[in-house]
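**Q** Show me how the following folds:
(2 chains)
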Amino acid sequence: MPSLWIKNARVIDLAAKRNAVGDVFIADGKFVASLSAAAKKSARKIDAAGLVACPGLVDIHVHFREPGQTHKETIATGSRAAAAGGFTTVVCMPNTAPVADNAGTIQFINDATRRDAVVKVLPTGCITVGQKGAALAPFGSLKRAGVVALTDDGDCVQSNELMRRACEYAKMFDLPIMDHCQDASLTQGAVMNEGSVSTRLGLRGWPHAAEDIIVARDVILSEYTGAHLHLQHISSRYSVGIIRRAKTRGVKITAEATPHHLAFTDDELGTYDTNFKMNPPLRTAADRRAIIAGLRDGTLDCISTDHAPHTDYEKDKEFDYAPNGILGLETALAVSLDVLVRQNKFKLAHVVDLMTRQPARILGLPAGSLSAGAAADLCLFDPAEKWRYDAKAGFSKSSNSPWHGQTLTGRVKTTFVDGRIVFNDGRIV
Amino acid sequence: MPWTRKHLLTLEELSLAEIDQIHATAAAFKRTLSRSVKKVPVLRGKTIVNLFLEPSTRTRMAFDMAAKRLSADVISLDGSSSSTSKGETLRDTAQNIQALQADMIVIRHAAAGSPLYLSRILNIPVINAGDGAHEHPTQGLLDTFTMKEHLGSLKGRKVVILGDILFSRVARSNIHALTKLGAAVTLVGPSTLVPHWFTDLGVKVSHDLKSALADAEVVMLLRIQHERQASSHFPSLGEYTSMFGLNKTRASWLNPKAIIMHPGPINRGVEIDSELADGERSVILEQVTNGIAVRMAALYLCLGGQPENVYAGADPR
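**A** Numbers count the residues shown, from 1 in each chain, chains lettered A, B, ... in the order given. Predicted coordinates for the structure are as follows:
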């Protein structure tokens, strides 16, 4: 494989303290500080003037539906959607069919990844057997099989006793626990944020208190056990406050925000469009502002998509009956740039950091850096290019996106994994 | 102003002028109800399908009756006899009904927003006969029609809606219609069933029955909907009745000319004392009769009729 010389890009990598126009060199699938004169001569040169070169994006919250729900997505299609969105490392949730609560299922996922994936796909395992919240899953064999974290995904463990033991036991394996914070007793039948809009629409409300209570519990259990808990897709401003105070005390928690909670509020639900139905739900403008503020001051550590594919016929239902979740991988960068950089004056490098180094740091993944010796996972994007997103023509097997048909600003041009181009100019290579 | 709406989905989206048009049309149709030959020929040759995927007695019979009075052919399907119980989607059921050449669908459904969803799929008009806890537009129209018959203009009139507001589509439709008609609306009930968010719809919320009923000219009672509630909303029906049930003493707090309304089905002895339900201030059965006239108006207008043609259409002699 010839060396690569990416020239004249705006290079952003806060890990390597780079944020200026310059060059990036790749040899043997790894970043290198420079190339020899001879290697420079033979290197493949890519003129990236006007583009940003940053570490390949990292998404620690995706649903690739394999095994068992491959009508929605597969590791092949999901990883292509990731590559098209500039992502080179993604972490899959274990709510497959069967759920990933045993080493065999993890092995199946890893085999499919080796066979079909175009980016790095890392599995998580369940906290409890069957994701049923009753008995601990075998963390030890899950870890040996390769999981990078434990989570019961949408089935938040309700028993505080069991969660406490999970924290203690996971700590022994140095495995973070990722929690979807939802008190189930407060959200029976709930389909959207509880408030003025749900009252008007006659839909059952999901009060933010249901998230806040579990966020507070998780803070307490993390502090009590010393385990690392990662709080997924924070949607409530009160939760942001709880996390901020906990971090001031040095509690070992991290948290994420999704592009859709940054971009939308429950006002979008006026037409009962199921592409705005997700869990946790879109909340109010005040919540949205608090999440943005949380990302700004580091209370929230990273951006994750919660990429959740569902087929048209599953989503095309009465609002109450449609499944939760939307696509995220192919639009995350453009939406984050729009909301954070253009609307809220974040520095471009900050947003890149929230999608690269920060998520990698949370799970201790070898990703999110352009440093010499690191795997040459890279994303080249044009922060100014306008493009129309057609979800039906995207790489995901599903098309359930609220951004379908919209013009977005900021487009991924090329994605490299281990120094190899996997996506270029709209095509998987 | 001509009637231009094809669907009747919510009262939230109707203008005051449109509400007045439906009321005027209903008033004309109401006159035909007392004739010996009650049928008018305005929808002859049209087929209306009543797709009732949630149980209903009054509304379904009133829609049936209204369609028949307008000389339409009418077919009624309920949840247990339709293919939805075999797993067919609402989209497919509705498209089949359209393919069977129905001219209109009247839908009752447990899921809020489903009439809007159907209106986007189908080419034929859709009438909402109640969608979950969202809206029940023809009920709101017949209730305000009944109020206008008794009070004249509703501008500034004090209307109290009492009971389970949270789960009530009737309350929501009435709120939208009444605020447009200028009434001063107060919602009353246990705090768990009347959340403060309702104030964003331009109404008052109160948990004090006495001050709310003082001098009210209309009190509309709503049934406690056991079937929609989690068990935690209030301690017992007995406690509800003791706090919020309308009895003779409490009715005496009302304006002396006040009317008592209820969309039915009533639970005697729970939200209302039997003697009040049957008393002279009760207009509960008038509401039922007006329900036919208002639904005739809705069917007629949404199938292309115009308000000014009603009299000619309704009474060729």
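**Q** Report the secondary structure state of A:Ala97.
**A** What DSSP: H, G, I helix; E, B strand; the rest coil gives for A:Ala97 is coil.
**Q** The one 10 residues further on now?
**A** Look at A:Gln107: counting by three-state DSSP, its state is helix.
**Q** separation between the residue most central in space within chain B and chain A?
**A** Nearest to the mean C-alpha position of chain B, by CA atoms, centre = their mean, lies B:Gln139 at 0.9 Å. Distance of B:Gln139 to chain A, computed by CB to the nearest CB, to the nearest Å: 14 Å. In short, each C-beta sits where N, CA and C put it, glycine included.
**Q** so which residue of the stretch 1-150 of chain A comes closest to chain B?
**A** A:His71 (15.8 Å; CB to the nearest CB).
**Q** Do you know the pLDDT at that residue?
**A** A:His71 is assigned a pLDDT of 97 by the prediction.
**Q** wait, it sits on A:Asp312?
**A** No: between A:His71 and A:Asp312 there is no contact under CB atoms under 8 Å: 10.8 Å.
**Q** How about the residue of the stretch 1-150 of chain A closest to chain B, nearest residue that isn't a chain neighbour?
**A** A:Thr311 (5.9 Å; CB to CB, 6 or more residues apart in numbering or on different chains).
**Q** hmm, back to that, so which strand or helix has the nearest residue to the residue nearest to the centre of chain B once chain neighbours are set aside?
**A** Nearest residue to B:Gln139, sequence neighbours excluded (CB to CB, 6+ apart): B:Val170, at 5.0 Å. Using DSSP states H and E, B:Val170 sits in helix B:169-180.
**Q** Would you mind listing the outside residues contacting that helix?
**A** A:200, A:202, B:10-12, B:14-16, B:19, B:130-137, B:139-141, B:143-144, B:154, B:159, B:161, B:165, B:185, B:187, B:198, B:201-203, B:220, B:222, B:263 (CB atoms under 8 Å, 6 or more residues apart in numbering or on different chains).
**Q** Return the subset of those residues lying in strands.
**A** Using DSSP state E, the members of those that fall within strands are B:Gly130, B:Asp131, B:Val159, B:Ile161, B:Val185, B:Leu187, B:Met220.
**Q** Any idea what the third one is bridged to?
**A** Read it as B:Val159. Following DSSP bridges, B:Val159 is listed with bridge partners B:Val185, B:Val218.
**Q** what about it, how many neighbours?
**A** Using other CB atoms under 10 Å in any protein chain shown, B:Val159 has 28 neighbouring residues.
**Q** Next one: it from B:Leu178, what distance?
**A** 6 Å (CB to CB, to the nearest Å).
**Q** A:Pro67 is in contact with A:Thr96, correct?
**A** Yes: with contacts counted by CB under 8 Å, A:Thr96 reaches A:Pro67, the gap being 5.3 Å.
**Q** okay, and the common contacts of the two?
**A** A:Thr105, A:Ile109.
**Q** So which of those two has more stuff around it?
**A** A count of neighbours by other CB under 10 Å puts A:Thr96 above the other of A:Thr96 and A:Pro67, at 24 against 17.
**Q** residue contacts, that one?
**A** With CB under 8 Å, 6+ apart as the criterion, the residues that contact A:Thr96 are A:Arg65, A:Glu66, A:Pro67, A:Gly68, A:Gln69, A:Thr105, A:Ile109.
**Q** Turn those into JSON lines, columns for distance to A:Ile214 and secondary structure.
**A** Formatted as JSON lines, the contacts of A:Thr96 follow (distance: CB to CB, whole Å; DSSP: H, G, I helix; E, B strand; the rest coil):
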{"residue": "A:Arg65", "distance to A:Ile214": "25", "secondary structure": "coil"}
{"residue": "A:Glu66", "distance to A:Ile214": "28", "secondary structure": "coil"}
{"residue": "A:Pro67", "distance to A:Ile214": "28", "secondary structure": "coil"}
{"residue": "A:Gly68", "distance to A:Ile214": "27", "secondary structure": "coil"}
{"residue": "A:Gln69", "distance to A:Ile214": "26", "secondary structure": "coil"}
{"residue": "A:Thr105", "distance to A:Ile214": "26", "secondary structure": "helix"}
{"residue": "A:Ile109", "distance to A:Ile214": "27", "secondary structure": "helix"}
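**Q** For those residues, pick the one with the most neighbours.
**A** Neighbour counts for the contacts of A:Thr96, by other CB under 10 Å, peak at A:Ile109, which reaches 27 neighbours.
**Q** Could you check how far that residue is from A:Thr124?
**A** 10 Å.
**Q** burial count for residue 236?
**A** Looking at chain A here, since you left the chain open. Neighbour count of A:Ser236, defined by other CB under 10 Å: 25.
**Q** Sorry, I should have been clearer: chain B.
**A** Neighbours of B:Ser236 using other CB under 10 Å come to 8.
**Q** swap in A:His228?
**A** Using other CB under 10 Å, A:His228 is surrounded by 22 other residues.
**Q** returning to what we had before: surely the residue nearest to the centre of chain B is in contact with B:Arg58?
**A** No: between B:Gln139 and B:Arg58 there is no contact under CB under 8 Å: 9.2 Å.
**Q** Which residue ranges of the stretch 1-150 of chain A form strands?
**A** All strands of the stretch 1-150 of chain A, identified by DSSP state E, counting those that start in this stretch, fall at A:4-13, A:18-27, A:30-32, A:44-47, A:52-55, A:57-62, A:87-92, A:120-123.
**Q** residues bridging contact with B:Gln139 and B:Arg58, i.e. touching both?
**A** When contacts are counted by CB under 8 Å, 6+ apart, B:Gln139 and B:Arg58 are jointly contacted by B:Pro263, B:Gly291.
**Q** burial of residue 281, as a residue count?
**A** This is for chain A. Counted with other CB under 10 Å, A:Pro281 comes out at 27.
**Q** wrong one, I was asking about chain B
**A** For B:Arg281, the count of nearby residues is 15 (other CB under 10 Å).
**Q** For it, give me its contacts.
**A** Taking CB under 8 Å, 6+ apart, one finds B:Ala251, B:Ala258, B:Ile259, B:Ile260 in contact with B:Arg281.
**Q** Quick check: the first one vs B:Leu221, distance?
**A** So the one you mean is B:Ala251. B:Ala251 is 11 Å from B:Leu221, by CB to CB.
**Q** of those two, who's got more company?
**A** The neighbour comparison of B:Ala251 against B:Leu221 (other CB under 10 Å) goes to B:Leu221, with 26 against 18.
**Q** neighbours of residue 64, just the number please.
**A** As the question left the chain open, I've gone with chain A. Quick note: A:Phe64 (other CB under 10 Å) scores 32 neighbours.
**Q** other chain: chain B
**A** B:Asp64 has 18 nearby residues by other CB under 10 Å.
**Q** do the same with A:Leu14
**A** 20.
**Q** and what of the one 10 residues further on?
**A** Counted with other CB under 10 Å, the neighbours of A:Val24 add up to 23.
**Q** Report pLDDT for it.
**A** 97.
**Q** which stretches of chain B form strands?
**A** B:47-52, B:73-78, B:104-109, B:126-131, B:158-162, B:184-188, B:204-206, B:218-221, B:259-261.
**Q** Need those in JSON lines (columns: mean pLDDT).
**A** Shown next, in JSON lines, are the strands of chain B (pLDDT from 0 to 100):
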{"stretch": "strand B:47-52", "mean pLDDT": "97"}
{"stretch": "strand B:73-78", "mean pLDDT": "92"}
{"stretch": "strand B:104-109", "mean pLDDT": "97"}
{"stretch": "strand B:126-131", "mean pLDDT": "98"}
{"stretch": "strand B:158-162", "mean pLDDT": "98"}
{"stretch": "strand B:184-188", "mean pLDDT": "98"}
{"stretch": "strand B:204-206", "mean pLDDT": "98"}
{"stretch": "strand B:218-221", "mean pLDDT": "98"}
{"stretch": "strand B:259-261", "mean pLDDT": "98"}
